[in-house]
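J.: got a predicted model here, sequence first, then my questions.
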Amino acid sequence: MTDARETAPAEDRRKSPQSQDAEDLSVTRGTEPVPLLEPREGIPPVIADAEALDRVVQAFRAGSGPVAIDAERASGYRYGQRAYLIQLRRAGAGSTLIDPVGCPDLTSLGEAIADAEWVLHAATQDLPCLAELGMRPSRLFDTELAGRIAGFPRVGLGAMVENVLGLTLEKGHSAVDWSTRPLPEPWLRYAALDVEVLVELRDRLERVLEEQGKLEWALEEFAAIAAAPTPAPRTDPWRRTSGMHKVRRRRQLATVRELWLTRDRIAQHRDVSPGRVLPDAAIVAAALAMPADVQALQAVPGFAPRGQRRTLEQWQAAVDRARALPEAELPPISAAHDGPPPPRAWADKDPVAAGRLTAARAAVAELSERLNVPAENLMTPELVRRVAWAPPTPAGEAEIGAALSALGARDWQVGLVAPVLAKAFAEAPASRDTSGS
């Protein structure tokens, strides 16, 4: 598992009862953490055939309690986000490592543990690749999200295990190419250790959440993650090319699109990460330069080392397709969306809404500080923007709460945030002098 993104410590944050609870949970204050070097039962063999998988299924069906689960992908090396190793641990069954290349259908395992609580760290990262294998939880406990709600300043798995359990995990293999076969023993040891103490971490976090009065909040979040449908494919994924802000003309945008789609086809065919086929920076550079031929393309940064004539011709063909498109078929400068405009444009488009948004952000930030819960977990910033741009009429607590619920906010979020937004909207300036006087 790639260690989840950690939030930076807020050293000057005012200490609240909730934050003090999280700090008191740390068992490492004044003591040295103990390295976790070996799985309790040793490194389990890698399960890679149907017969061995059947034995694992029976063992985990007979086990008891929650199931710790992790998945290793080959992000940055292979195309897509498929899993290349699955790790599980359950009381009575021990730990197991499963090779999804040899066992591409894990539906029977998913059914065997369907009634158990699944314990994952940063669940939304692993659930899509588990679903591809036929494994979907009915309920789960996310230790990374639990750490956020509990107020821990650093919520990566290594930091949580160290701060909560007083153990250190070796994280040196988090970014390796997990599609490698055979997998080296140190990597397998690392993978097995990632689920070794996950249930213990879950139990400790449950206690602190209960002490803080936040357990029901966390359980509601976990239920929402488990019940979430498979996300729809992203519209115009090429617009997420790094450096797109430099591209200002529609024909240049079309060039980015054609190069991105060409790269994606090549990457999928080769089963390699798109960035290894052609960096984003090279795509943007070519779109800005609009080279007229292969010789001109070779002068564009990022293309000169890729000097095989056939490969260069593919990229140049993409540029030529964009150059030949009729004006009516060029992509718009901005992607179509049904939400409010970017916040930077609010002051010009609707100064009153801009005032509401400023007041709303300040109110949510103050609530975040008081409860020691990250603002983005209290309420998704997109939902705050939507309600600030088009508030209900009247904009009372009940009406704002109903609007947030309709947008997908959970009950605990609505109960906490709707009152502060109603107050913020009521106190925001009704108009703003934009004359400059």
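T.: Okay, I see it.
J.: element containing A68?
T.: Here A68 sits within strand 64-73, counting by DSSP states H and E.
J.: buried stuff in that strand?
T.: Of the residues in strand 64-73, those with enough neighbours to count as buried (16 or more other C-beta atoms under 10 Å) are 66-73. Using the backbone N, CA and C atoms, a C-beta is placed for each residue, glycine as well.
J.: export those residues to CSV and tack on distance to W412?
T.: Supplementary listing: the buried residues of strand 64-73 in CSV, determined by distance: C-beta to C-beta, whole Å:
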residue, distance to W412
P66, 22
V67, 26
A68, 26
I69, 25
D70, 27
A71, 28
E72, 33
R73, 31
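J.: still on that earlier bit, sheet partners, orientation included, of the strand holding A68?
T.: Sheet pairing of strand 64-73 (DSSP bridges) gives strand 83-91 (antiparallel), strand 118-120 (parallel).
J.: for A50, which of those strands is the nearest?
T.: Of all these, strand 83-91 sits nearest to A50, with 15.1 Å by C-beta to C-beta.
J.: right, and the helix or strand after the closest one?
T.: Toward the C-terminal end, the helix or strand that comes next after strand 83-91 (DSSP H and E) is strand 94-98.
J.: just checking, what packs against that following strand?
T.: Counting contacts by 3 or more C-beta pairs under 8 Å, 6 or more residues apart in numbering; DSSP states H and E, strand 94-98 is packed against strand 46-47, helix 50-62, strand 83-91, helix 185-194.
J.: deepest of these, which one?
T.: strand 83-91 (a mean of 23; mean count of other C-beta atoms under 10 Å).
J.: what angle do that one and helix 185-194 make?
T.: Orientation check (axes from the mean of the first three to the mean of the last three C-alpha atoms, to 10 degrees): strand 83-91 against helix 185-194 gives 50 degrees.
J.: dump the strands paired with strand 64-73 to JSON lines, plus mean pLDDT.
T.: Supplementary listing: these in JSON lines, determined by pLDDT from 0 to 100:
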{"stretch": "strand 83-91", "mean pLDDT": "98"}
{"stretch": "strand 118-120", "mean pLDDT": "98"}
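J.: nearest residue to R385 other than its sequence neighbours?
T.: Sequence neighbours aside, P340 is the residue nearest to R385 in space, at 5.4 Å (criterion: C-beta to C-beta, 6 or more residues apart in numbering).
J.: can you check E221 too?
T.: L145 (5.9 Å).
J.: quick one: the one you found is in a helix?
T.: Yes. Membership of L145 in a helix is supported by DSSP: H, G, I helix; E, B strand; the rest coil.
J.: mind checking how far it is from A223?
T.: To A223, L145 is 12 Å away according to C-beta to C-beta, to the nearest Å.
J.: more crowded one of the two?
T.: L145 (23 against 14; other C-beta atoms under 10 Å).
J.: now do the more buried one against F152, distance only.
T.: Using C-beta to C-beta, which is the criterion applied here, L145 is 11 Å from F152.
J.: chain center to the strand holding A68, what's the gap?
T.: 18 Å (C-alpha atoms, centre = their mean, to the nearest Å).
J.: for the chain, which spans come out with low pLDDT?
T.: Residues of the chain meeting the criterion pLDDT under 70: 1-30, 305-307, 431-437.
J.: mind giving me the domain ranges of it?
T.: 17-227, 237-329, 343-427 (automatic domain parsing).
J.: first to last residue in the second one, what's the distance?
T.: The first and final residues of domain 237-329 sit 18 Å from each other (C-alpha to C-alpha, to the nearest Å).
J.: isn't Y84 up against L97?
T.: No. Under the contact definition of C-beta atoms under 8 Å, Y84 does not touch L97, with a separation of 11.0 Å.
J.: can you map out the helices along the stretch 301-437 of the chain?
T.: All helices of the stretch 301-437 of the chain, identified by DSSP state H, counting those that start in this stretch, fall at 309-324, 346-349, 351-371, 375-378, 381-389, 397-406, 411-427.
J.: burial of G110, as a residue count?
T.: Applying other C-beta under 10 Å, we find 19 residues neighbouring G110.
J.: list the contacts for L188?
T.: By C-beta atoms under 8 Å, 6 or more residues apart in numbering, the contact set of L188 is 43, 46, 97.
J.: quick check: bridge partners of the last one?
T.: Note on L97: beta-bridge partners by DSSP bridges are V46, Q87.
J.: how about R73?
T.: In this structure, R73 bridges to A83 when assessed by DSSP bridges.
J.: before we move on, the earlier item: let's have the contacts of L188 in CSV, adding distance to F60.
T.: Formatted as CSV, the entries for the contacts of L188 read as follows, by distance: C-beta to C-beta, whole Å:
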residue, distance to F60
I43, 18
V46, 16
L97, 13
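J.: wait, isn't A388 in contact with A360?
T.: Yes. If you go by C-beta under 8 Å, A388 and A360 touch, sitting 4.9 Å apart.
J.: list residues touching both of those two?
T.: 421, 425.
J.: how about the spatially most central residue of the chain, phi and psi?
T.: Against the mean C-alpha coordinate of the chain, by C-alpha atoms, centre = their mean, the closest residue is Q125 at 5.5 Å. Backbone torsions for Q125, taken as degrees, to the nearest 10, come to phi -70, psi -40.
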